[in-house]
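1. Pasting the sequence and the predicted coordinates here, then a few questions.
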Amino acid sequence: MHPNALLDLSTELLRAVLKLDQPADAVVSAFFRRQGKLGSRERHALAETTYHVLRHRLLLQHLAQSGSGAMERRLAILGWQGTESVLKAAIGPQEQQWLQHAKSIDVSTLADKLRHNLPDWVAQPLRERLGEEEFMALARALNESAPLDLRVNLLKCKREEALAALQAAGIEARPTPYSPWGLRVQGKPALNRLELFTSGGVEVQDEGSQLLALLVAPKRGEMVVDFCAGAGGKTLALGAAMRNTGRLYAFDVSGSRLDALKPRLARSGLSNVYPAQLAHERDERVKRLAGKIDRVLVDAPCSGLGTLRRNPDLKWRQSPQAVQELRAKQSAILASAARLPKSGGRLVYATCSLLPSENEDIAREFSAAHPEYELLDAAELLAQAQVPQADTLVSDGFLRLWPHRHATDGFFAAVWQRR
Ligand SMILES: C[S@@+](CC[C@H](N)C(=O)[O-])C[C@H]1O[C@@H](n2cnc3c(N)ncnc32)[C@H](O)[C@@H]1O
């Protein structure tokens, strides 16, 4: 495609994504479906440019003020992630000059906000929690792309065998530092045609998600509920940890998400999973299982701010009001799910948020209202699950994963045992 046309498409895609009325990945996929003729390199350049602009939106909008032409074109030029020669061929001498000038600006001299590229309402609680230096390290890590992590399905193969199969396919990978099930792949190779993947030997799953399943630690033959199973990332890990025995209920209010679990379930070889759509968190089904369950995972709906490396649009699409509403939902789901565990059973509340308001605050409120639940130390549980350096993953007894410290998405988990 001619460079001019490619830059125009990049501008058009940015215009659609920056409306921020839908998730960026959905807008990008729909755009590529409409532009069927784009080659893989061109798609890569457009997608990376879009994500770069979303990540560095405050800085790039600031720099774009001095240019001329459509704002989205200026942003596409400033954020261009395709080859330099394509961009050069697509822009005129005036734009070239402006770009040179913008690139010569020393970002470290600019206002704080333009360096961390987070909205104030997100930056403030994180800065309070981490202090200035570590907050900036987190902001940098959140603006990088996430590595590709896999979970080895131990029902199908051992981690070393999966590693060898990847190597034989020319894919470099190494064991993840914390999860005994994980492999971190070099680059972003396509995996979906690989026999290891199609036969269910591996699933794509961030190491942090794997650690959540390790905290639930379900055993053979147990009754387990994954209360917010979605497309089943954690369900699959739990089912494999149960060695395909017992009964694992995968609940969710979203039928379409549960539908997305089905092909993954088929690949995984699991037959102990029972997906069920709930009308709401107080559905009759929950009442029927009250007091009968060994382990319950509540992977609650949340702001998703721990996944900004993958979903940078969330920082612009979420709001303090939305988080307030989510908090109410989180408390209601946790309170209802807490009816399920039997005496001695385990309850895990987890999010992929970084905000204390969706994490420690919810967990502490729950502890205060539920004396029948004893808070367990996540570090001890992870150590029992053979996770190395477990104490470095935990603060005040809660699992607290941070992209800048642990190279995982941001995750939180609290674990209780019913007395
Ligand atoms: C963080 S996502 C779950 C991700 C999933 N556990 C995984 O590992 O892929 C939260 C899920 O909660 C579901 N949800 C929202 N409200 C719910 C409710 N009242 N009861 C049960 N699930 C709910 C959403 O549909 C969404 O799939």
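-> Structure's in. What do you need?
2. Convert stretch 359-376 to CSV, retaining C-alpha atoms only.
-> Provided in CSV are the C-alpha atoms of stretch 359-376 (Å, rounded to 0.1, in the frame of the first residue of the first chain):
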residue,chain,number,x,y,z
ASN,A,359,-8.9,-4.2,46.5
GLU,A,360,-7.8,-3.9,50.2
ASP,A,361,-10.9,-1.7,51.0
ILE,A,362,-13.3,-4.3,49.7
ALA,A,363,-11.4,-7.1,51.5
ARG,A,364,-11.2,-5.3,54.8
GLU,A,365,-14.9,-4.3,54.7
PHE,A,366,-15.7,-8.0,54.0
SER,A,367,-13.6,-9.2,56.9
ALA,A,368,-15.2,-6.7,59.3
ALA,A,369,-18.7,-7.8,58.2
HIS,A,370,-18.0,-11.6,58.2
PRO,A,371,-16.4,-12.8,61.4
GLU,A,372,-17.1,-16.4,60.3
TYR,A,373,-14.2,-15.9,57.8
GLU,A,374,-10.5,-15.9,58.9
LEU,A,375,-8.1,-14.0,56.6
LEU,A,376,-5.2,-16.3,55.5
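3. what sits up against that stretch?
-> With contact meaning Cβ atoms under 8 Å, 6 or more residues apart in numbering, stretch 359-376 is reached by 300, 327, 330-331, 334-335, 338, 346-347, 349, 351, 353, 396-398, 400, 412, 414-419. C-beta here means a position set from N, CA and C on the backbone, and glycine is covered the same way.
4. Next, Tyr373: phi, psi?
-> Torsion angles at Tyr373 (phi, psi; degrees, to the nearest 10) stand at phi -110, psi 130.
5. so how far is Ala290 from it?
-> 14 Å (Cβ to Cβ, to the nearest Å).
6. Looking at the two, which is more packed in?
-> Remark: of Tyr373 and Ala290, Tyr373 carries more neighbours, 20 against 13, as counted by other Cβ atoms under 10 Å.
7. Please name the bridge partners of that one.
-> Following DSSP bridges, Tyr373 is listed with bridge partners Arg418.
8. from the contacts of stretch 359-376, which ones fall inside strands?
-> Arg346, Leu347, Tyr349, Thr351, Phe398, Arg400, Phe412, Ala414, Val415, Trp416, Gln417, Arg418 (DSSP state E).
9. Close to the ligand: what parts of the stretch 101-250 of the chain are there?
-> The stretch 101-250 of the chain has residues Ser209, Phe227, Cys228, Ala229, Gly230, Ala231, Gly232, Gly233, Lys234 near the ligand, with proximity defined as Cβ under 6 Å from any ligand atom.
10. Give me the domain ranges for the protein.
-> 3-116, 148-204, 207-418 (automatic domain parsing).
11. host element of Trp98?
-> Element membership for Trp98 (DSSP states H and E) is helix 93-104.
12. what's that helix in contact with?
-> Counting by Cβ under 8 Å, 6+ apart, Leu63, Ala64, Ser66, Gly67, Ser68, Gly69, Ile77, Leu78, Lys88, Ile91 sit against helix 93-104.
13. In PyMOL, how would I select just the buried ones from the residues you listed?
-> Of the contacts of helix 93-104, the buried ones can be selected in PyMOL as follows, counting by 16 or more other Cβ atoms under 10 Å:
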select buried, resi 63+64+67+77+78+91
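14. What subset of the contacts of stretch 359-376 is buried?
-> 300, 327, 330-331, 334-335, 338, 346-347, 349, 351, 353, 397-398, 400, 412, 414-418.
15. Ranking the domains of the chain by mean neighbour count, which comes first?
-> Neighbour counts (mean count of other Cβ atoms under 10 Å) averaged over each of the domains of the chain peak at domain 207-418, with a mean of 20.
16. Just the pLDDT for the closest residue to Arg400 other than its chain neighbours.
-> Nearest in space to Arg400, with sequence neighbours left out and distances taken as Cβ to Cβ, 6 or more residues apart in numbering, is Phe412 at 6.0 Å. Residue-level confidence at Phe412 comes out at 98, pLDDT.
17. going forward can the numbers begin at 29, since that is how I track them
-> Understood, numbering begins at 29; the last thing we discussed is Phe440.
18. Surely Phe440 and Gly425 touch.
-> No - assessed by Cβ atoms under 8 Å, Phe440 is found out of contact with Gly425, at 11.7 Å.
19. Pull the contacting residues for the closest residue to Ala98 other than its chain neighbours.
-> Excluding the flanking residues, the one nearest Ala98 by Cβ to Cβ, 6+ apart is Thr39, at 6.4 Å. Going by Cβ under 8 Å, 6+ apart, Thr39 touches Ala98, Glu100, Arg101, Ala104.
20. Next up, the contacts around the last one.
-> Each residue near Ala104 by Cβ under 8 Å, 6+ apart is listed here: Leu35, Ser38, Thr39, Leu42, Thr77, Val81.
21. residues touching Leu239, list them.
-> Tyr206, Ser207, Leu410, Val415, Leu421, Leu427, Leu429, Thr436, Phe439.
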